[in-house]
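In: Let me see the structure of the following:
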Amino acid sequence: MSRKVLVIGLDCADPRLVFDQWRADLPNLNRLMSQGVYGRLRSSDPPITVPAWSSMMTSLDPGALGFYGFRNRADYSYDKMGIATSRAVPQRTVWDLLGAAGKQSLLLGVPQTYPPRPINGAMVTCFLTPSTQSQYTYPAELKPEIETLIDGEYMFDVADFRSTDKQRIIDDIYKMTRQQCEVFRHMLKTRPWDYAMMVVMGTDRIHHGFWQYCFKDHPLYTPDNGLEATIHDFYVYLDQEVGRIVDMVDDDTLVLVVSDHGSRGMDGGICVNEWLMREGYLVLHEQPEGIIPLERAQIDWSRTKAWAAGGYYARLYLNIAGREPQGIVPPEEADSLLDELAAKLAALGDEQGNPIGTFSVKPREIYQMVRNVPPDLIVYFGDLAWRSLGTIGHGVIHKFENDTGPDGANHDWYGLLIAYDPRSQQGGRKLPDHQLMDMAPSILREFGIAPLADMQGHLIDWR
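Out: Numbering: from 1, shown residues only. Reported below is the predicted structural model:
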């Protein structure tokens with residue numbers, strides 16, 4: 001029989017939880033680890049869903065891909081932003097290359113597959129899909145097939161997962177995951193395939209919603225909160241779903257379980273634009289009444305040198321003369337200004353001034369190339385223990401909540417990889433750390449397809 005590869009993606013799944021803390025409670029994942037190989041996958045810079053999954057499946061870093069997060073500057077104007085959908089992803093993913101070689105793929109929930117485009121196989125799109133009113137399958141006839149298969153409306157994501165309505169969030173995460181696993185099993189059973197991949201978003205959503213209730217080292221943890229087992233119980237449930245899927249495949253199928261990044265508790269948030277205003281880099285015509293997004297502020301661009309966007313990390317932009325419409329920073333002074341900002345942010349510390357380990361990187365120095373409009377500086381507050389808050393009107397630099405709703409977790413640098421090959425059982429061998437761009441060439445190797453010349457990843461020894 002011909003070779004097959006099955007990829008089960010668990011967005012945000014943390015290796016410390018799966019490999020160590022809860023391994024004994026996850027019999028299916030434990031079996032794959034014990035009979036195969038496993039190790040950590042270093043995420044992309046930045047370590048977030050977009051661009052991480054696309055970086056994994058193309059073996060290109062975010063600079064070569066040309067997107068650096070969900071929302072990216074579309075040009076050098078001040079207010080034009082774009083969402084990185086499937087249209088931003090070059091048509092050289094693993095499934096594109098397999099399709100060109102006559103191999104068939106099944107995809108479900110893989111980030112940046114909306115809107116769907118034709119592949120040699122079938123797909124159900126991802127959490128970026130607006131609603132079931134959109135075309136979310138390829139081929140189109142798969143959509144009514146799904147609607148007859150499941151109860152209720154198909155869920156792409158959990159609405160408002162940063163909310164205080166915790167029971168509703170839990171219910172929605174389980175419902176979404178059950179639906180997605182049911183549809184994926186149906187696709188595996190009813191369609192021919194050589195490569196099949198699904199990505200579960202529930203792990204990410206449950207981390208963001210419940211980390212502060214489940215881990216005692218979180219600053220906001222309170223004993224006897226009634227939600228202590230929420231994340232653990234979801235991992236146990238998800239392990240059962242993984243077992244049901246793996247039981248469907250034969251001994252000619254390589255099984256890969258991967259995550260795009262890990263997770264960690266969020267100690268707090270840095271109001272980056274408040275700091276830029278305090279230091280004189282960002283100037284407003286007038287102070288806002290209440291907390292508002294920066295794009296609604298009256299910015300005095302004639303006196304502004306820098307501004308930033310919030311998120312898991314800070315994307316900092318300079319107002320460069322000749323590049324931005326009202327730029328004032330001479331291009332020859334840009335690098336020294338970035339160095340100055342990076343040094344000051346590294347020294348910022350927590351609310352008492354204690355160092356938190358903040359560091360910054362320049363995209364042009366960490367990527368092989370830089371396409372489209374990158375941030376001028378990427379800032380990781382507290383080495384990802386602190387979030388970047390982009391809104392203004394707080395009146396303080398340090399906050400202990402997310403400005404987009406309750407959230408106890410941030411991302412971490414390392415995701416996980418488990419590889420189980422029934423043809424070549426490895427007895428639980430621990431892999432050295434790999435970079436997630438290593439996945440694409442390693443998957444292509446299983447089908448005898450050479451990696452593209454510009455792929456940045458290296459082959460993983462999972463055999």
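In: Report the residue ranges of every domain in this structure.
Out: For the chain, automatic domain parsing gives the domain ranges 4-265+411-446, 268-406.
In: Where do the helices of the protein begin and end?
Out: Shown for the chain, the helices assigned by DSSP state H span residues 15, 27-35, 49-58, 62-65, 94-100, 142-149, 166-190, 202-214, 230-246, 272-278, 334-348, 363-366, 439-446.
In: could those go into TSV alongside mean pLDDT and mean neighbour count?
Out: Heads up, the C-betas are built off the backbone N, CA and C, glycines and all. Putting the helices of the chain into TSV (pLDDT from 0 to 100; neighbours: other Cβ atoms under 10 Å) gives the following:
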stretch	mean pLDDT	mean neighbour count
helix 15	98	22
helix 27-35	97	19
helix 49-58	98	28
helix 62-65	98	22
helix 94-100	98	21
helix 142-149	95	14
helix 166-190	97	18
helix 202-214	96	25
helix 230-246	98	18
helix 272-278	97	23
helix 334-348	98	16
helix 363-366	96	13
helix 439-446	98	22
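In: just so I know, which of the ones you listed lies nearest residue 428?
Out: helix 27-35 (4.6 Å; Cβ to Cβ).
In: how much distance is there from the closest one to the middle of the chain?
Out: Distance, stretch centre to chain centre, for helix 27-35: 25 Å (Cα atoms, centre = their mean, to the nearest Å).
In: again, but for stretch 334-351
Out: Per Cα atoms, centre = their mean, the centroid offset for stretch 334-351 relative to its chain is 26 Å.
In: I'd like the distance between the residue nearest to the spatial centre of the chain and residue 241.
Out: For the chain, the residue nearest the mean C-alpha position is residue 49 (1.5 Å; Cα atoms, centre = their mean). Per Cβ to Cβ, to the nearest Å, residue 49 is found 20 Å from residue 241.
In: The residue nearest to the residue nearest to the centre of the chain when sequence neighbours are not counted - how many residues pack around it?
Out: Closest residue to residue 49 apart from its sequence neighbours, by Cβ to Cβ, 6 or more residues apart in numbering: residue 111 at 5.3 Å. Residue crowding around residue 111 was assessed by other Cβ atoms under 10 Å; the count is 28.
In: What of residue 139?
Out: For residue 139, the count of nearby residues is 13 (other Cβ under 10 Å).
In: Just grab the bridge partners of the closest residue to it other than its chain neighbours for me.
Out: Leaving aside its chain neighbours, residue 139 sits nearest to residue 122 (6.5 Å; criterion: Cβ to Cβ, 6+ apart). Under DSSP bridges, the beta-bridge partners of residue 122 are residue 106.
In: For residue 122, the count of nearby residues, please.
Out: Counted with other Cβ under 10 Å, the neighbours of residue 122 add up to 23.
In: Now do the residue nearest to the centre of the chain against residue 55, distance only.
Out: From residue 49 to residue 55 the distance is 11 Å (Cβ to Cβ).
In: follow-up on the earlier one: just say which of the domains of the chain is most tucked in.
Out: Highest mean neighbour count among the domains of the chain (mean count of other Cβ atoms under 10 Å): domain 4-265+411-446, with a mean of 19.
In: could you list every residue that touches residue 263?
Out: Shown in contact with residue 263 (Cβ atoms under 8 Å, 6 or more residues apart in numbering): 12-14, 204, 207, 211, 409-412.
In: export the residues you listed to JSON lines and tack on distance to residue 326?
Out: Shown next, in JSON lines, are the contacts of residue 263 (distance: Cβ to Cβ, whole Å):
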{"residue": "12", "distance to residue 326": "39"}
{"residue": "13", "distance to residue 326": "44"}
{"residue": "14", "distance to residue 326": "44"}
{"residue": "204", "distance to residue 326": "38"}
{"residue": "207", "distance to residue 326": "40"}
{"residue": "211", "distance to residue 326": "41"}
{"residue": "409", "distance to residue 326": "38"}
{"residue": "410", "distance to residue 326": "34"}
{"residue": "411", "distance to residue 326": "34"}
{"residue": "412", "distance to residue 326": "38"}
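In: could you measure residue 177 against residue 53, distance?
Out: 17 Å.
In: try residue 333
Out: From residue 333 across to residue 53, the span is 37 Å (Cβ to Cβ).
In: Check residue 430 too.
Out: Here the criterion is Cβ to Cβ. By it, residue 430 lies 24 Å from residue 53.
In: Also residue 370?
Out: Distance from residue 370 to residue 53, by Cβ to Cβ: 20 Å.
In: picking that back up, which of the contacts of residue 263 fall in strands?
Out: Using DSSP state E, the members of those that fall in strands are 409-412.
In: right, and out of the residues you listed, which lies closest to residue 59?
Out: The shortest gap between residue 59 and any of the ones in strands among the contacts of residue 263 belongs to residue 411, at 20.8 Å (Cβ to Cβ).
In: got a list of what that closest one touches?
Out: For residue 411, the contact set (Cβ under 8 Å, 6+ apart) comprises 12, 43, 47-48, 261-264, 312, 384.
In: and the least confident of these?
Out: Within the set of the contacts of residue 411, pLDDT is lowest for residue 312 (92).
In: show me the contacts for it.
Out: By Cβ under 8 Å, 6+ apart, the contact list for residue 312 reads 46-48, 384, 387-388, 410-411.
In: For the helices of the chain, give me a markdown table that also has distance to residue 417.
Out: What follows is the helices of the chain, written out as a markdown table (distance: least, Cβ to Cβ, whole Å):
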| stretch | distance to residue 417 |
| --- | --- |
| helix 15 | 9 |
| helix 27-35 | 10 |
| helix 49-58 | 10 |
| helix 62-65 | 20 |
| helix 94-100 | 15 |
| helix 142-149 | 29 |
| helix 166-190 | 20 |
| helix 202-214 | 15 |
| helix 230-246 | 14 |
| helix 272-278 | 33 |
| helix 334-348 | 32 |
| helix 363-366 | 22 |
| helix 439-446 | 8 |
